[in-house]
Every structure is written in structure tokens, then in C-alpha cells.
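> Structure of the sequence below:
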Amino acid sequence: MIKRWIVLAGEEGGPVCNKMGGIWNVIDAEARVLAELAAKDEIECDLKILVAGPYYPTQGSDWNKGKSRVTDVSGLEPLDMNDDLTCALDHLKTEGIDVITAQTEVEGHPIGYLLFNTAYYDSIITNRYGSKMTLANAIKAEAWQISGLDSMKFERSPYGPEYTHYLGLSYAVSQFVRYLVSLGEEKAKKYGDEAISEFAMSVMPKMRVSLHCHEFPTFYALARLKCLGVPVRTMATLHATVPGRSSGYRSLEKVAHNDGAWDPNVPVGMATLESLARYADVVSFVGDSTMREAMLFHKLDGIVIRNGIDLDVRYIDWKKKNICRKKIQKFLSEKIHTVFGGELIDPEDILPVFTISRLELENKGYPQLLDSILLQDHLIKHRRLEQRFADKMRVVCLLITSHGPKPKDKLPDGFPINLPSEVPVGEEIRLNNMIYDLGIDAGSMASGKRQASAVLYPQWVGPDDGGLNMRADEIMAGCVAGIFPSQYEPFLLTGLEAGREGTPSIVSRACGFSDALKKVDRLVTGLGGVVVVDNIEAAHQEMILDYALALDYFTWTYLEDQVKYRLLCEESFALAKLMNWTEPVLEYYKNLMVSSELDRCMPPETIGFEDGGE
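Numbers count the residues shown, from 1 in each chain. Just a heads-up that it's a prediction; the model follows:
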């Protein structure tokens, strides 16, 4: 008999309050879809699923002081999966490693959470290498011995606390897996007679554990297990690369020129942790671009398993789209008139489009987007010579991006059309200046100078954001199109999220989403519900023109041919529906459950614990 476990580990692993970015969504989706598939007997029905991540009990315990995460498990149930798990956790406690546990269920199948607080590892004294030392130092010493991690160098860097946290989290996760794998051997040793002990080992259920680590913060866990000879199937998934993130939009040029040198600003400790993916049995990437980066910077090879999206509706909600669009149009019409005066624009004449992203101006392609809006203004003016709707047409692009981890408060009436100079901060100021420098601000539209404009929306959108007061999905549903011109984007979940609302979108070739589009059948030939613009090989002028033409295509089709526009919406929705999480999670499962190596008996000495614990 074989008992199978899958442990999904990551810095963002755990309940929703541990969320730092899109990786939380990926880990959570993988756990939930695995549970759904197990509940339906589409995969092994008695599969045990665990999510391992950090625990932050109070404000200030997070290494990232700007995020101020506080882990909240109050909405979850107590962990109650089986005695094997309890036994492994008890072993951890003998080392002084405390684990906060919880559990949830998806369609009746349990998902367990193991959350580790690494902040106190400096206060735990343990015996290692013949002397007493703190657990934190013992972890660093062992990491140097088995994988060459120079913690003395890395901990003195600006990212030292972050690096130390990742090392401690990885140690705790790997030590738990180590204990879990060894349970059969430990139980058999209780028999005094050697022959009985060997017989017990032969008939006891074998623990087969697979460890899936998302991103570099937990890659030391799988490297440690492999170096110690623990029989566990491991998988490392890279959503981007550390050197690639540091180079940003310049990474495209590095890949093109086969320049694998790390930039001077690369956090070497983090990139070194990332390179430990070489110890994994399987390495996966969320897109072709990430794979190319990993091959260039780390000499890593592997497979591409794209990201997905949760889609719990079968059809486009046209009523929602109409209501949300009218609300956005009415808001823009009234606020532009109130703030800038001039003739009141008919709400129906305003065609809202949007982009939403982190505030990384060059990486997210904002300069190219603004240039394309200026170009579209000229395209609309030329249409006025022969197109009957063009003289009234107004295109407003909402640039939804914000500095800082928290929403702004005390915003002025009319925000974001009314955006006093004291409201924008950091890079928001530069982006707003770029809009005014090009003369595509909302005031230029109010005066009649422009028919296409950009509106900075520097806020985390939501029902009480002080502006539209709409959720992100409502804004996406209400806009005529989305545009995502990223110069550096390992994947692009926002393109899929727009498709979930039946909103067409424009994406750059640099994003991983465009790689995935090549592998699916399209409903509309030519320019369909998702248009890909080449921002890798095309000249700058060509790229800007292509963005403008694609934006013009969606907005003009909306005005002139509602039947065709609805077909474009249907295709964007169909692509999102096709790119759900089922196929990627099944790919993860198949690679994690390869049993040719795991189902062979391993020598007991390969998983001893001579150096573990006091």
C-alpha cells in the first residue's frame, strides 16, 4: 500500500492574507483544483494535499515591512487529516520548530495548511557539528556544506532579512517532508527483533511525498532534500527569473544577444537560491519567455506549463457589461464636465478602455501605450472625413496603477479626473507628467483638442476607492477593450481576467500569455478577440502603430458593427474558458506523481537524522 502526499510550498502559500502577488493565486488554484479532481475520482481519490508557507502572527513580523502581512487562519478549520501528519509535526516540535496548522475543504476533499514562523529561529539553541548554536546559524552552516550557499555574504546585503527568512522557511518545509517520508521506517524500528522490524517495513504503507515549490524562496527545500538523499519527487516552478526581473524590459535584448551576464543590481543571494532549481526532478516555467530567461541566466532546462484562471460562469454576462459600461461612461462624462467645463460629452460617445498593472513604467510599457493613444487620436480625426460616427467618438484609457501596498484615502471629489498635484506620489507623478507632456489629458478632451485621452487612476480599485467605486472585474466588464503593452511580463493574468468578463484585449508579444495563444484554436481569423502586438522584433514606430490600430479596431468595431464586436467578446471569453486551471494542474500532477523512482525501496540510511534536532 502506498500513501501519496503533495506538498505545495511557496512564500505566498497559505490563506489569502499571505497574498503578495499573483503567485498566491497559482498556489491556491493548484490546491483547489487538485482537491476538485480528487473528489471527482479523476486523480487518486485519497491524495493528501498540503500547502506550506510562512506565518506572520502580528504587525511587524513580516520581513517585508511595506506589506505588513498578518496571517489570519480564523476562517479555517482545525487540521484533522490523519495520524501520520500529526506524527511528522510532533517530530518538528522536538526541534523547536512550531507549525501553525489549519484546514479547508473543497467539494469534501481536505486541504491542509502548514505555516511556519521563522522569526524566532535565532532564539532556538540546538546541537550541531559538536557544538551548541542557534537554529538559524545551524541552517546556514548546513546550507553552506550541502549546497554552497554563502549566507555570511548574503545576510549582510540589503536583502539579508529576506534571504534569511527564505532559508529558514525552506529548511522547515524540507524537514517536515523528511520526517513524513521516514514514518514507515520510524514505526518499524519500534520492534526489537530485526527480522520482525524488516517484515514490518515491508508491509507498512509507504509514504510517497511530492514537493512542488513555486518560485525561488523555497527552492532550497528541494535542494536540501536531494542533497540528503531523501526519496521525494520534486518540482520547481519559475514564474520569472531574478536576473530577468532586475533587467526588466532590457531582458528581451539580453535574450536576443545571448548575454547571460547578471546586471550589477541583481540580488545575488536571491538569484543563487533560484539557481537551486537545478536539483529538482522537474523544472517548469509559466511561459516560453521565462524558459528562455532561465536557460540564459541559470542554464536551466525544463517544460512550459502555463498559468490558468478560475472561470465559474458558462456565458458572458451581457447585462453586467452593459450596466458597468453605462456607469463608467456616465461617471467620465459628468466628471470631465465638472472639472474642466466645456460642452457636456454624451456618455454614449465615450468609449472606455483600460490597462491595469503594477507601477513599473518601462516594464509595463506605459511610454508605448501613451504614444499609441496620441496616434489613435489622429486616426479618429482622419476618420471624421468619411465616417459618420467619428466626430462624436471619444476614447478614454484608464491607467489603473498605484504606488504602495495600500489604497489611498481622503481623495478629492471627482477623482481621478480631478487629480491635484499632491495626490500622485513616486512614479505616479512621472506617469501623470508624461500624459500632460503629450497633451492627451482629459482637459484636452474637454476643450475639444483631443478625441482620445489617458486618465491616470492611481488607486487600488474597489467599491470604496473614492473614484468609480467599482471592483476590478466590473471595470473590466464595462470597458470596450483592455490593452497590456508590457515590455517584461512572464505571463499575463490580466489578459485572461479581461477575457473572463468577455472583454477583448491587446497584449504584447513579450508576455507569456501570447505564447499560450499560439497553441490554441481561434474562433475569429485575423484580428480576433485578443490581438498580439510584436514588441520584440518590430521597430518602435511599427509597434506604436500596431497598438494604435488594434485599439482603433476594437473601439471602431464596437461603434460600427455590434454583431462582430459581440463575436470578438465571445472569443476573448472562449480563450479564458479554454485556459482554465484544469489542464495546467493535471500537468503538474502527472509530473509530480511519476513513481518509477519513488516506488523503489530506498536504503534506510539515506534518510537518517544524525544531525537533526538537539
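> Mind listing what's buried along stretch 410-420?
By neighbour count on 16 or more other Cβ atoms under 10 Å, the buried set for stretch 410-420 is Leu411, Gly414, Phe415, Pro416, Ile417, Asn418, Leu419. For glycine as for every other residue, the C-beta is placed from the backbone atoms N, C-alpha and C.
> where are the low-confidence patches of the protein?
The model of the chain has pLDDT under 70 over residues 1, 184-205, 515-516, 518-527, 595-614.
> center of it - which residue?
Centroid-nearest residue in the chain: Gly22, 2.3 Å away (criterion: Cα atoms, centre = their mean).
> Excluding residues flanking it in the chain, which one is nearest it?
Leu493 (5.5 Å; Cβ to Cβ, 6 or more residues apart in numbering).
> Against Val507, how distant is that neighbour?
Taking Cβ to Cβ, to the nearest Å as the measure, Leu493 and Val507 are separated by 11 Å.
> Which of the two has more residues huddled nearby?
For Leu493 and Val507, the more surrounded residue by other Cβ atoms under 10 Å is Val507, and the numbers stand at 27 against 19.
> show me the residues around the more buried one that make contact.
Residues near Val507 by Cβ atoms under 8 Å, 6 or more residues apart in numbering: Phe484, Ser486, Leu492, Gly495, Phe513, Ser514, Leu517, Val530, Val531, Val532, Val533.
> Which ones among those residues lie within strands?
Per DSSP state E, strands hold the following members of the contacts of Val507: Phe484, Val530, Val531, Val532, Val533.
> what's the fourth one in contact with, if anything?
This points to Val532. Taking Cβ under 8 Å, 6+ apart, we find Val532 in contact with Val507, Ser508, Arg509, Ser514, Leu517.
> Just send these back as TSV, with distance to Val425 too.
Output for these, formatted as TSV (distance: Cβ to Cβ, whole Å):
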residue	distance to Val425
Val507	29
Ser508	27
Arg509	32
Ser514	32
Leu517	36
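> Widest-spaced pair of those residues?
Farthest-apart pair in the contacts of Val532 is Ser508 and Leu517; separation 11.7 Å (Cβ to Cβ).
> higher neighbour count, those two?
Using other Cβ under 10 Å, the more surrounded residue of Ser508 and Leu517 is Ser508, with 28 against 20.
> Quickly list what that one is bridged to.
Ser508 has these beta-bridge partners by DSSP bridges: Val533.
> Would you list the phi and psi of Pro15?
phi -70, psi 170 (degrees, to the nearest 10).
> Name the nearest residue to it, sequence neighbours excluded.
Pro15 sits nearest to Val73 (Cβ to Cβ, 6+ apart), 5.9 Å away.
> mind listing what the one you found touches?
Pro15, Ile100, Ala102, Tyr113, Leu115.
> what's the one helix or strand the second one maps to in contact with?
I take that to be Ile100. Using DSSP states H and E, Ile100 maps to strand 99-106. Applying Cβ under 8 Å, 6+ apart, the external contacts of strand 99-106 come out as 15, 31-32, 35-36, 39, 55, 71, 73, 76-81, 89, 92-93, 110-117, 172, 176.
> Glu293 reaches Ala256, doesn't it?
No - counting by Cβ atoms under 8 Å, Glu293 does not reach Ala256; the two are 11.8 Å apart.
> between these two, which one's more packed in?
Neighbours were tallied for Glu293 and for Ala256 using other Cβ under 10 Å; the higher tally belongs to Glu293 (28 against 11).
> coming back round to it: and the residue nearest to Gly22, how far is that from Trp63?
When Leu493 is compared with Trp63 (using Cβ to Cβ), they lie 25 Å apart.
> Please list the outside residues in contact with stretch 251-266.
By Cβ under 8 Å, 6+ apart, stretch 251-266 touches 242-244, 246-247, 250, 268, 271, 289, 292-293, 296-297, 487-488, 510, 536.
> Excluding covalently adjacent residues, which one is nearest to Cys87?
Leu183 (6.0 Å).
> check contacts around that neighbour.
Counted by Cβ under 8 Å, 6+ apart, Leu183 has contacts Asp84, Cys87, Ala88, Met207.
> Buried residues of the helix or strand where the first one lies, list them for me.
Under the assignment given by DSSP H and E, the secondary-structure element containing Asp84 is helix 83-94. Neighbour-count burial for helix 83-94, counted by 16+ other Cβ under 10 Å, picks out Asp84, Leu85, Ala88, Leu89, His91, Leu92.
> now do stretch 298-310
For stretch 298-310, the neighbour count (16+ other Cβ under 10 Å) marks His298, Leu300, Gly302, Val304, Ile305, Arg306, Asn307, Gly308, Ile309 as buried.
> Nearest residue to the last one in space, ignoring adjacent ones along the chain?
Closest residue to Ile309 apart from its sequence neighbours, by Cβ to Cβ, 6+ apart: Leu496 at 4.2 Å.
> Quantify the burial of that neighbour by counting its neighbouring residues.
When neighbours are counted by other Cβ under 10 Å, Leu496 comes out with 27.
> pretty sure it is in contact with Phe513, am I right?
Yes - using Cβ under 8 Å, Leu496 makes contact with Phe513 at a distance of 6.9 Å.
> show me what contacts the residue nearest to Gly14 when sequence neighbours are not counted?
Leaving aside its chain neighbours, Gly14 sits nearest to Gly53 (3.8 Å; criterion: Cβ to Cβ, 6+ apart). Contact partners of Gly53, counting by Cβ under 8 Å, 6+ apart, are 9-14, 18, 27, 113-116, 169.
> out of those, what pair is the most spread apart?
So, those by Cβ to Cβ: farthest apart are Ile27 and Phe116, at 15.0 Å.
> can you give me the strands in the stretch 1-150 of the chain?
Along the stretch 1-150 of the chain, the segments classed as strands by DSSP state E, counting those that start in this stretch run 2-9, 48-54, 99-106, 109-116, 125-128, 131-134.
> Tell me who's in contact with Leu411.
Val423, Gln459, Gly466, Gly467 are the contacts of Leu411 under Cβ under 8 Å, 6+ apart.
> what kind of secondary structure is it in?
coil (DSSP: H, G, I helix; E, B strand; the rest coil).
> List phi and psi for it.
Main-chain dihedrals, Leu411, degrees, to the nearest 10: phi -90, psi 150.
> quick one: it from Leu468, how far?
Taking Cβ to Cβ, one finds Leu411 at 12 Å from Leu468.
> swap in Pro485?
Distance, Pro485 to Leu468, by Cβ to Cβ: 22 Å.
> residues in contact with Pro347?
Lys326, Gln329, Lys330, Leu332, Ser333.
> mind listing what the nearest residue to it once chain neighbours are set aside touches?
In space, and not counting its chain neighbours, Pro347 is closest to Gln329: 3.9 Å by Cβ to Cβ, 6+ apart. Counting by Cβ under 8 Å, 6+ apart, Gln329 makes contact with Pro347, Glu348, Ile350, Pro352.
> Mind telling me what element Gln329 is part of?
Since the elements are taken from DSSP H and E, Gln329 ends up inside helix 318-340.
> Likewise for Pro352?
strand 350-356.
> ok and the helix or strand just after that strand relative to strand 350-356, angle-wise?
Heading C-terminal from strand 350-356, the first helix or strand you meet, by DSSP H and E, is helix 366-383. With axes from the mean of the first three to the mean of the last three Cα atoms, to 10 degrees applied, the angle from helix 366-383 to strand 350-356 works out at 160 degrees.
> so what strands line up beside the next helix or strand after helix 366-383?
Sequence-wise, the next helix or strand downstream of helix 366-383 (DSSP H and E) is strand 394-400. Sheet pairing of strand 394-400 (DSSP bridges) gives strand 350-356 (parallel), strand 452-457 (parallel).
> Right, I'll call it a day here.
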